[in-house]
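1. Based on what follows, work out the 3D shape:
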Amino acid sequence: MDRKLDISTGLLQPQAIRLEGRAIERFEAVREAGEILVEIGAVEPPYVEAMLERERQISTYVGEGFALPHGTDASRVWIRRSALAYLRFPHGVDWGGEKVFVCLALAVHGEEHLGVLSRLAQILMDPEKAARLRAATSVEEVLSFLCVKEE
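-> Take a look at the predicted model:
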C-alpha cells in the first residue's frame with residue numbers, strides 16, 4: 001500500500017510559500033526565509049539569528065538552484081513547531097558564487113528532520129523534478145508538487 005509523505009500537511013502551509021523574494025545576497029535571503037517561519041508562528045525570533053550563524057559556518061546551498069537554510073542544533077529550543085518555508089527568487093540570489101532561486105527554510109524537531117531532508121533530497125537530486133519545483137508560479141503548484149507518494 002502506498003503511503004503519502006505529505007510535506008504540505010502541517011510542515012508547509014500556504015502562508016509559508018512566497019513566490020517573489022526580495023533579497024539579492026544569501027544572508028538577506030536567509031533572514032527573509034527565517035522571518036517567514038517567525039511570521040507563521042513556527043519559531044521564535046532568535047532562530048533566525050541561528051540560521052544566519054549556520055550560514056556563516058557552512059553554506060546551505062545544495063545544488064540545482066536551491067538552498068536549505070536552517071538553524072544550529074542548539075537553536076532547536078526556539079522551534080515552536082516543525083515547519084518548512086518556500087521562498088522563490090525569480091531572478092536568483094548570489095549564494096557565495098552559486099545562483100539560488102529557491103530557499104526551503106527548515107525548522108524541524110528531532111528525528112522528523114531526517115524524513116523531510118530525505119524527501120527533499122529525492123526531489124533535488126532529480127534535475128527534472130528540481131526544475132519543476134524551482135519554476136513553480138503558484139502556491140497551489142508548490143503544495144501539489146510537495147504532496148507526493150513515498151517510494
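2. C-alpha only now, for contacts and for neighbours.
-> Noted.
3. Could I get the buried residue list for the strand ranked longest in the chain?
-> Longest strand in the chain, counting residues (DSSP state E): strand 83-95. For strand 83-95, burial by neighbour count (16 or more other Cα atoms under 10 Å) applies to 83, 84, 85, 86, 87, 88, 89, 90, 92, 93, 94, 95.
4. Equivalent analysis for stretch 140-147, please.
-> 142, 143, 145, 146, 147.
5. likewise stretch 63-70?
-> 64, 65, 66, 67, 68, 69, 70.
6. What are the contacting residues of it?
-> Outside of stretch 63-70, the residues within contact range by Cα atoms under 8 Å, 6 or more residues apart in numbering are 30, 50-51, 54-55, 60-62, 98-107, 124-125, 127, 130-131, 134.
7. Also stretch 93-112?
-> Contacts for stretch 93-112 (Cα under 8 Å, 6+ apart): 23-26, 29-30, 33-34, 37, 42-43, 59, 61, 64-71, 76, 79, 81-92, 134.
8. can we see that at 7 Å?
-> 23-26, 33-34, 65-70, 76, 79, 82-92, 134 (Cα atoms under 7 Å, 6 or more residues apart in numbering).
9. And the strands in the protein?
-> So, for the chain - with DSSP E - the strands run 4-6, 17-18, 61-63, 66-67, 83-95, 98-107, 147-149.
10. closest to residue 138 out of those strands?
-> Each of those has some distance to residue 138 by Cα to Cα; the shortest is strand 17-18, at 8.8 Å.
11. now for that closest one, which elements pack on it?
-> Contacts defined by 3 or more Cα pairs under 7 Å, 6 or more residues apart in numbering; DSSP states H and E place strand 17-18 against strand 83-95.
12. tell me the mean pLDDT for the strand it packs on?
-> Across strand 83-95, pLDDT averages out at 95.
13. Quick check: residue 43 touching residue 79?
-> Yes - using Cα atoms under 7 Å, residue 43 is in contact with residue 79, at 4.4 Å.
14. Of all the helices and strands in the protein, which has the lowest average confidence?
-> strand 4-6 (a mean of 42; mean pLDDT, DSSP states H and E).
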